[in-house]
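Participant: Next come a sequence and a model predicted from it.
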Amino acid sequence: MRARAWKFRLYPSKSQEKYLEQHLYNCKDLWNALLEYTKNYHEKTGKFPTRRQLYLQTKGTPLFSQVAQNVADRLFKCIRGMLLKKKAGKIAGFPRFKPIERMKSFTYPQFGFKLDKRLELSGIGEIPIKKHREVAGAIKTLTVKMMPSRKWFAIFASEIEMGQVPQKDILPAGIDLGVEHFAYMSDGTAIENPRHLKYSEERLGKAQQQLSSKKKGSKNRRRARLKVAVRFEKLTNKRRDFLHKTSRKLVEKYSFIAMEDLNTARMAKGFLAKSILDCGWAEFSRMLAYKAEEAGCEVVLVNPANTTSECSNCGSVQKKSLGERWHKCACGASMHRDLNAAINILRRATAGHAGSNASEEGTHTHQKWASSFNERGSPGMAKFRRTLPDISAEMRI
């Protein structure tokens, strides 16, 4: 069984929109009341209330019982996550009181809704919905969400049975993600970087300047905030559309895809942060993984150490600055640096497999992963695992 999400646009009338907004206000008030109860309970007993105790506090609210209990679930999970992080030695803050700007959705965990030609919600009525595709599987939950642009969406979560997908036997490929090109494939194919932010930055900057000049709490500021939200939404839609189409093309073209296991959060703290975040590498990896599962493709993450500086022909390592865009080696190899990296990525992922042309150094570092893959791999299902065994000293940063 696999969980899938289905997102549809809602078109509520003005009266229905008021009811939906009132639900958000009620959820916000309930969250704050439960958080106040939790703090008082902890001060008196030194413990946090159980889920059942939080459920009892939701009685008597104007919300549908399932929606109210879901708010309690959210708070309980936040507190439990905080405690687990602190136990692991990580920094974690306590849940905060929420203004209405931070409460943008409410959830029906089990029932209270009915989907047909329209979406029927308990306490609200039938809302027109743009159901552009049929929902597969049994619907488990419904989340009604208002975007910052004030558009309403219904997000259904369902469980579907996944049969065995025939494993494709086409071409393997290594992908090197970058900023100059969005991606460079090991077969020499380059995917250009669309640079969505660059072409939207001017209009977005003007909208943000207009917002900053408006008086806080005024109607003009609310209108200006809406314009900024619409600009951001258009930018996000363009980026996600590009990532969806690109990932779909790749899983249909290749049967095996190797990628670097990049720490995007750490890389986004440097001087290339804006460009890296605009590319959406993390989101692209996620899309590639779940699309590959349904396409009979296989996705593997490898260690990114020295993929650029190592020669794909002879294996020698020579450091390069970011300004050096061409790889030249004493062995005679000459190619774009991203192409060289893509070949190294594919070689590391396929080392130890039959028919691999990987060097002996790369092979012995991945024999453990290769043997475990052969034992546990099931045909027809994509694998999205990290191939990170102990690497040799020359591969370390």
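Facilitator: The structure has been received and is ready for your questions.
Participant: List the contacts of the residue lying closest to Ser65 once chain neighbours are set aside.
Facilitator: Once flanking residues are discounted, Ser65 sits nearest to Thr58: 7.4 Å by C-beta to C-beta, 6 or more residues apart in numbering. (C-beta placed from N, C-alpha, C; glycine too.) Counting by C-beta atoms under 8 Å, 6 or more residues apart in numbering, Thr58 touches 30, 34, 65, 68-69, 71-72.
Participant: next one: Cys314
Facilitator: Going by C-beta under 8 Å, 6+ apart, Cys314 touches 329-331, 333.
Participant: now do Gly174
Facilitator: Counting by C-beta under 8 Å, 6+ apart, Gly174 has contacts 185-186, 257-259, 342-347, 349.
Participant: next one: Trp326
Facilitator: Applying C-beta under 8 Å, 6+ apart to Trp326 gives the contacts 334-337.
Participant: And the buried ones among those residues, selectable in PyMOL?
Facilitator: Buried subset of those, written as a PyMOL selection, criterion 16 or more other C-beta atoms under 10 Å:
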select buried, resi 335+336+337
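Participant: got CSV for the contacts of Trp326, with secondary structure too?
Facilitator: Compiled in CSV, the contacts of Trp326 are given as follows (DSSP: H, G, I helix; E, B strand; the rest coil):
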residue, secondary structure
Ser334, strand
Met335, strand
His336, strand
Arg337, helix
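Participant: Could you measure from the closest residue to Lys151 other than its chain neighbours over to Met146?
Facilitator: The shortest distance from Lys151 to any non-neighbouring residue, by C-beta to C-beta, 6+ apart, is to Arg9 (6.9 Å). Using C-beta to C-beta, to the nearest Å, one gets 12 Å for the distance from Arg9 to Met146.
Participant: still on that earlier bit, most neighbours among the contacts of Gly174, which one?
Facilitator: Taking other C-beta atoms under 10 Å as the neighbour criterion, Ala342 ranks highest of the contacts of Gly174 with 32 neighbours.
Participant: isn't there a helix covering that residue?
Facilitator: Yes: judged by three-state DSSP, Ala342 forms part of a helix.
Participant: My guess is it contacts Tyr184. True?
Facilitator: Yes: the pair Ala342 / Tyr184 is scored as a contact, 5.0 Å apart, by C-beta atoms under 8 Å.
Participant: Can you check which residues contact both of these two?
Facilitator: Contacts common to Ala342 and Tyr184, judged by C-beta under 8 Å, 6+ apart, are 175-176.
Participant: Could you pull out the strands in the stretch 201-350 of the chain for me?
Facilitator: 256-260, 298-302, 326-328, 334-336 (DSSP state E, counting those that start in this stretch).
Participant: Please enumerate the helices of the stretch 101-250 of the chain.
Facilitator: 196-212, 219-253 (DSSP state H, counting those that start in this stretch).
Participant: I'd like to know which of those helices is closest to Glu283.
Facilitator: For Glu283, the closest of the helices of the stretch 101-250 of the chain is helix 219-253, at 5.8 Å, according to C-beta to C-beta.
Participant: Now do the closest one: distance to the chain's middle.
Facilitator: For helix 219-253, the separation from the chain centroid amounts to 14 Å (computed by C-alpha atoms, centre = their mean, to the nearest Å).
Participant: And that helix, what does it pack against?
Facilitator: If you count contacts as 3 or more C-beta pairs under 8 Å, 6 or more residues apart in numbering; DSSP states H and E, helix 219-253 packs onto strand 172-177, helix 196-212, helix 281-295.
Participant: which residues are in contact with the second one?
Facilitator: Contact partners of helix 196-212, identified using C-beta under 8 Å, 6+ apart, comprise 221, 224-225, 227-228, 231-232, 234-235, 238-239, 242, 274, 278.
Participant: I'd assumed Lys85 was in contact with Ile91.
Facilitator: Yes: between Ile91 and Lys85 there is a contact under C-beta under 8 Å: 7.4 Å.
Participant: can you pull up the bridge partners for Ile191?
Facilitator: Counting by DSSP bridges, Ile191 is bridged to Ala183.
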